[in-house]
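Asks: okay, here's the prediction I keep looking at, along with the sequence it came from:
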Amino acid sequence: MTATGQPVALSTKALVAGYERDLPIVRGVDFSIRSGELVIVLGPNGAGKSTFVKAVAGLVPIHSGATFLGDRDITSVPAHEKIRHGLAFVPQTENIFATLSINDNLLLAANILPKEKRSRRIADLYAMFPDLASRPSLRAGQLSGGQRQMLAVARALIVEPSVLILDEPSAGLSPKIVSEVFSKLKAINETGVTIILVEQNVKAALAIADRAVILVEGLLRHEGPAATLADDPIVAELYLGARHQSKAVAS
Ligand SMILES: Nc1ncnc2c1ncn2[C@@H]1O[C@H](COP(=O)(O)OP(=O)(O)O)[C@@H](O)[C@H]1O
Ligand SMILES: [Mg+2]
């Protein structure tokens, strides 16, 4: 699907954010994603990728600038309200309750919905994730890494978000499982959900993305279509660091 001409789904304007007032980590980011797009956020370790998406989700203090969901200014909307407005976030860690069953994980996530919608929505998600549907009473902690990520994604999708943000869902997964997780994310994107994906698995992520942005030291340093960025030496230079450049370009 092409997102060109689609309305902007989410944007940030001169966003400055960080954990302490006098120490901005995100240092003035203008970002936007169109409805239906899948954009990956790349950048070296410590660049501020997680801080950026957490600030957008309302989980890290915003010092100045603004965030918008469509035309709505959501800068000071609390995190749990942002979810109601259609912005879902899957953090990198602690994104499921390991001691609870799959079904209880979904039930808890569904609490945000009006009562009459809950069971219907959980049924929709089971249809979307047959691996979860086949054993609803299994403890989430017993799932494989890839299936845990799928449960985390299912929990986030419960509110039928317009924008889904994921922070490194492929961390710690084998290449085969990474490609399964990414295929599922692509399929979700193709149902119309706008996706912002923070990733270290550059090659696999570029393969499913429309566009990539590269964050370095809290600033957006580069952006472009995923198809051309895959072969762009600037990706190697900015993302992997110059000393890895030749290896990255060759791979
Ligand atoms: N909870 C926190 N409290 C204070 N500083 C943090 C916290 N989390 C991350 N940082 C700092 O913010 C900077 C950016 O980190 P992060 O956003 O996690 O980068 P990335 O996700 O790109 O690896 C780092 O210098 C890190 O030390
Ligand atoms: Mg991170």
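Replies: Everything's here; your move. Ligands and ions are numbered 1, 2, ... in the order given.

Asks: grab the nearest non-local neighbour of the residue in the chain that ligand 2 sits nearest to.
Replies: Of all residues in the chain, the one sitting closest to ligand 2 is Ser50 (3.2 Å; Cβ to the ion). For every residue, glycine as well, the C-beta is placed using N, CA and C. If you skip the residues right next to it in sequence, Ser50 has Asp167 as its closest partner in space, 5.5 Å away by Cβ to Cβ, 6 or more residues apart in numbering.

Asks: in the stretch 151-251 of the chain, what spans have low per-residue confidence?
Replies: Counting by pLDDT under 70, the ranges of the stretch 151-251 of the chain that qualify are 238-251.

Asks: quick one: the strands in it?
Replies: For the stretch 151-251 of the chain, the strands defined by DSSP state E, counting those that start in this stretch occupy 163-167, 194-198, 211-216, 219-225.

Asks: residues of the last one that come out buried?
Replies: What that stands for is strand 219-225. Applying a neighbour-count criterion of 16 or more other Cβ atoms under 10 Å, one finds Leu220, Arg221, His222 buried in strand 219-225.

Asks: who is the last one paired with across the strands?
Replies: Yep, that's His222 we're talking about. With DSSP bridges applied, His222 shows beta-bridge pairing to Ile214.

Asks: okay but it is in contact with Ile234, surely?
Replies: Yes: at 5.6 Å, His222 counts as touching Ile234 under the criterion of Cβ atoms under 8 Å.

Asks: any shared contact partners between these two?
Replies: Ile214 (Cβ atoms under 8 Å, 6 or more residues apart in numbering).

Asks: so which bits of the stretch 101-250 of the chain are right by ligand 1?
Replies: The stretch 101-250 of the chain comes close to ligand 1 at no residue, as judged by Cβ under 6 Å from any ligand atom.

Asks: the stretch 101-250 of the chain: helices as residue ranges?
Replies: With DSSP state H, counting those that start in this stretch as the definition, the stretch 101-250 of the chain shows helices at residue ranges 102-110, 115-128, 130-133, 145-157, 175-190, 202-208, 226-229, 233-234, 245-250.

Asks: determine which of these approaches Gly46 most closely.
Replies: The stretch from the helices of the stretch 101-250 of the chain with the least distance to Gly46 (Cβ to Cβ) is helix 202-208; that distance is 16.3 Å.

Asks: kindly export the closest one (C-alpha atoms) in CSV.
Replies: Provided in CSV are the C-alpha atoms of helix 202-208 (Å, rounded to 0.1, in the frame of the first residue of the first chain):
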residue,chain,number,x,y,z
VAL,A,202,18.5,-3.2,10.1
LYS,A,203,18.4,-5.5,7.1
ALA,A,204,15.2,-7.4,8.0
ALA,A,205,13.5,-4.2,9.1
LEU,A,206,14.3,-2.4,5.9
ALA,A,207,12.8,-5.3,4.0
ILE,A,208,9.3,-4.6,5.5
